[in-house]
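[1] below are the sequence and a predicted model for it; my questions follow.
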Amino acid sequence: SADSALRVKEPYVSSSDFSLFLGDDDTCTLDPLQLHTLTSCGFNSSNPLIIITHGWSVDGIMENWVNMLAQVLKTHLGDINVIITDWMSLACQHYPKAAQSTRTIGKDIAHLLQVLQQEYQYPLRKAHLIGYSLGAHISGFAGSYLEGPEKIGRITGLDPAGPFFEGMSPTDRLSPDDAEFVDAIHTFTRERMGLSVGIKQDVAHYDFYPNGGHFQPGCELTHILKQIAHHGVLDLQQTVKCAHERAVRLFMDSILNKDKQSKGYRCSNSEAFDKGLCLDCRKNRCNTLGYYIKKVRTGTPKRLFLKTGGQMPYKLYHYQFRIQFINQMADIEPSLTIFLTGTKDESGELTFTFPESIAGNTSFSFLVALERDLGELMMLRMRWERSDMLKTTWSDMLNIILWGVQEEKPWLSVGRISVKSGETQERTFFCAMANDGQHIEKSQDKDFVRCQEQTPKLHRRKHN
């Protein structure tokens, strides 16, 4: 609209302060109206540009992560311009008022980019806006306020804010049309009284939901209380926002630990993901979380899930276990302990309790996320305990009363076992060792070794 059109030649009053990050907490203040400040600060128009924008503030003090992220970008990406947006004067007001100000700050950034475009012929595709919380929507507004056919190259939303933006139309929040490529990391979407700090809905071409997106490991109350005991009450604010700020840490981690990139997998919801049903990378169904994401534009937003650890480096290795039980006569509710051995490492003991009893021919699928890369999987050891001892006793008594016999020992009959690695996309099949049979007795360790798939692929796909 005409009233929102930006004209660089008209005097423009900015509500934001911009500074060029020079390294080691050293910054140089920019004034878009005084072009010489760009030159004197050392802005290099041949280098890519990253603009970092913070979110709502309780105390009006710039958060530590802003300079930390700027330093990580400057140190590890080499020749790059890093600009920090400071809108603290509006950000430290009551949240509803700060949320209202996001359009104003978006215009400020759009104005800065237009100055660069007009005075330096700077291509917008070389600009990457990174916004945290309210800063994510600010970055989106900056993209939508720019006139002309050229779009910002990339916007990254780090746990975009939820209140006043959840459920709004794409023009009133960060959305995929705000840049050539938009990615978002959602880390604190847990609801309290119908509101969540981070936005739950898709806002990007690729939306990542680490650990389901609602909460993060290492941010539990017990961990927070330990932090307060160690650092004092003043650190309470730092720890309470742990899950919200995890999006920033995950993004930094992707640059600091380039050899340990976390991969997200497209899935309809976290329940299906937790069953291991989504570790598929065909047709852009998976992508790398963070700075080195593959910028593949797609028509529909992609919702990606992954598990991460509680501290840096956050990467975990994803495995889908699929276990088939065959000709199981009695209903059994087992607790299974599995131990995996690979060419690089061992998994340690992994314990699973099944959500329903096992009877007849049944297959179960579940996800396991490990800190260690096991390499090629070679052997699987399984042990089972019954979790239905009362039921067992009653069925044994019935057997004795009706038939005058006592079952020798309860057993599980295991058919095919397969383990798929999300990271390598390889599926490994395991068979019981030669002449060892498929039965597992209670409290017995049973070894299964890597073997060839026994069922033809076409037949398998029909039944999966």
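    Perfect, thanks for sending it. Note that this is a predicted model, so its numbers are computed, not measured.
[2] and stretch 46-55, what's buried?
    Using 16 or more other Cβ atoms under 10 Å as the test for burial, stretch 46-55 gives 48-55. C-betas here are computed from N, CA, C, even on glycine.
[3] er, stretch 290-301 I mean
    Of the residues in stretch 290-301, 290-291, 293, 301 count as buried by neighbour count, 16+ other Cβ under 10 Å.
[4] mind listing the helices for the stretch 151-300 of the chain?
    Using DSSP state H, counting those that start in this stretch, the helices assigned to the stretch 151-300 of the chain run over residues 221-231, 236-240, 242-256, 270-274.
[5] before we move on, the earlier item: tell me the one among the buried residues of stretch 290-301 nearest to residue 203.
    For these, the closest approach to residue 203 (Cβ to Cβ) belongs to residue 301, at 7.8 Å.
[6] need the pLDDT of the closest one.
    In this prediction, residue 301 carries a pLDDT score of 86.
[7] JSON lines for the buried residues of stretch 290-301, including distance to residue 270?
    Below are these laid out as JSON lines (distance: Cβ to Cβ, whole Å):
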{"residue": "290", "distance to residue 270": "20"}
{"residue": "291", "distance to residue 270": "24"}
{"residue": "293", "distance to residue 270": "20"}
{"residue": "301", "distance to residue 270": "16"}
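[8] quick check, nearest of those to residue 102?
    Of all the buried residues of stretch 290-301, residue 102 sits closest to residue 301, with 21.0 Å by Cβ to Cβ.
[9] for the closest residue to the closest one other than its chain neighbours, give its distance to residue 186.
    Here the nearest residue to residue 301 in space, its sequence neighbours aside, is residue 202; by Cβ to Cβ, 6 or more residues apart in numbering that works out to 3.8 Å. Plainly put, residue 202 is 9 Å away from residue 186 if you go by Cβ to Cβ, to the nearest Å.
[10] more neighbours: which of the two?
    The neighbour comparison of residue 202 against residue 186 (other Cβ atoms under 10 Å) goes to residue 186, with 27 against 17.
[11] show me what contacts the more buried one?
    Applying Cβ atoms under 8 Å, 6 or more residues apart in numbering to residue 186 gives the contacts 159-160, 198-200, 207-210, 213, 247.
[12] of the residues you listed, keep whichever come out buried.
    Judged by 16+ other Cβ under 10 Å, buried ones among those: 159-160, 198-200, 207-210, 213, 247.
[13] what residue ranges in the protein score low on pLDDT?
    Low-confidence segments of the chain (pLDDT under 70): 1-10, 222-240, 327-331, 333, 355, 360, 386-410, 434-437, 454-464.
[14] for the lengthiest helix in it, packing partners?
    Longest helix in the chain, counting residues (DSSP state H): helix 102-120. Secondary-structure packing of helix 102-120 (3 or more Cβ pairs under 8 Å, 6 or more residues apart in numbering; DSSP states H and E): helix 36-41, strand 49-53, strand 81-86, strand 127-132, helix 134-145.
[15] at 7 Å instead, please
    helix 134-145 (3 or more Cβ pairs under 7 Å, 6 or more residues apart in numbering; DSSP states H and E).
[16] what is the helix it packs on packed up against?
    Helix 134-145 sits against strand 49-53, helix 102-120, strand 127-132, strand 154-158, with contacts defined as 3+ Cβ pairs under 7 Å, 6+ apart.
[17] quick one: that helix to strand 49-53, angle?
    Here helix 134-145 runs at an angle of 130 degrees relative to strand 49-53 (axes from the mean of the first three to the mean of the last three Cα atoms, to 10 degrees).
[18] just the angle between helix 134-145 and strand 81-86, please?
    Orientation check (the same axes, to 10 degrees): helix 134-145 against strand 81-86 gives 110 degrees.
[19] now find how far off-centre helix 134-145 is within its chain.
    Distance of helix 134-145 from the chain centroid (Cα atoms, centre = their mean, to the nearest Å) equals 21 Å.
[20] do stretch 32-46 as well
    Chain-centre distance of stretch 32-46: 36 Å, with Cα atoms, centre = their mean.
[21] one more: stretch 365-380?
    Offset of stretch 365-380 from its chain centre (Cα atoms, centre = their mean): 20 Å.
[22] so what touches that stretch?
    273-277, 307, 309, 316-322, 338, 340-345, 347, 350, 352, 417, 419, 428, 430, 447-450 (Cβ atoms under 7 Å, 6 or more residues apart in numbering).
[23] among the buried residues of stretch 290-301, which pair sits farthest apart?
    Taking Cβ to Cβ, the two most distant members of the buried residues of stretch 290-301 are 291 and 301; they sit 19.8 Å apart.
[24] and which of the contacts of residue 186 is nearest to residue 121?
    The closest of the contacts of residue 186, once distances to residue 121 are taken by Cβ to Cβ, is residue 160, at 31.4 Å.
[25] give me every residue that touches that closest one.
    Listed by Cβ under 7 Å, 6+ apart, the contact set of residue 160 reads 133, 136-137, 174, 184, 198-199, 203.
[26] 10 Å - rerun?
    55, 131-140, 166, 173-174, 184-186, 198-199, 201, 203-204, 207, 247 (Cβ atoms under 10 Å, 6 or more residues apart in numbering).
[27] state the number of residues packed around residue 171.
    Neighbour tally, residue 171, other Cβ under 10 Å: 11.
[28] who's in contact with it?
    Applying Cβ under 10 Å, 6+ apart to residue 171 gives the contacts 140-141, 144, 177-178.
[29] wait, residue 288 sits on residue 251?
    No: the pair residue 288 / residue 251 is not scored as a contact, 11.6 Å apart, by Cβ atoms under 10 Å.
[30] look at the two and report which has more neighbours.
    Legend: neighbour count by other Cβ under 10 Å for residue 288 and residue 251, higher for residue 251 (23 against 17).
[31] what's the domain layout of this structure?
    Using automatic domain parsing, the domains assigned to the chain come out as 2-306, 317-463.
[32] now render the contacts of residue 171 as JSON lines, adding neighbour count and distance to residue 108.
    Shown next, in JSON lines, are the contacts of residue 171 (neighbours: other Cβ atoms under 10 Å; distance: Cβ to Cβ, whole Å):
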{"residue": "140", "neighbour count": "33", "distance to residue 108": "14"}
{"residue": "141", "neighbour count": "24", "distance to residue 108": "10"}
{"residue": "144", "neighbour count": "21", "distance to residue 108": "14"}
{"residue": "177", "neighbour count": "13", "distance to residue 108": "20"}
{"residue": "178", "neighbour count": "27", "distance to residue 108": "16"}
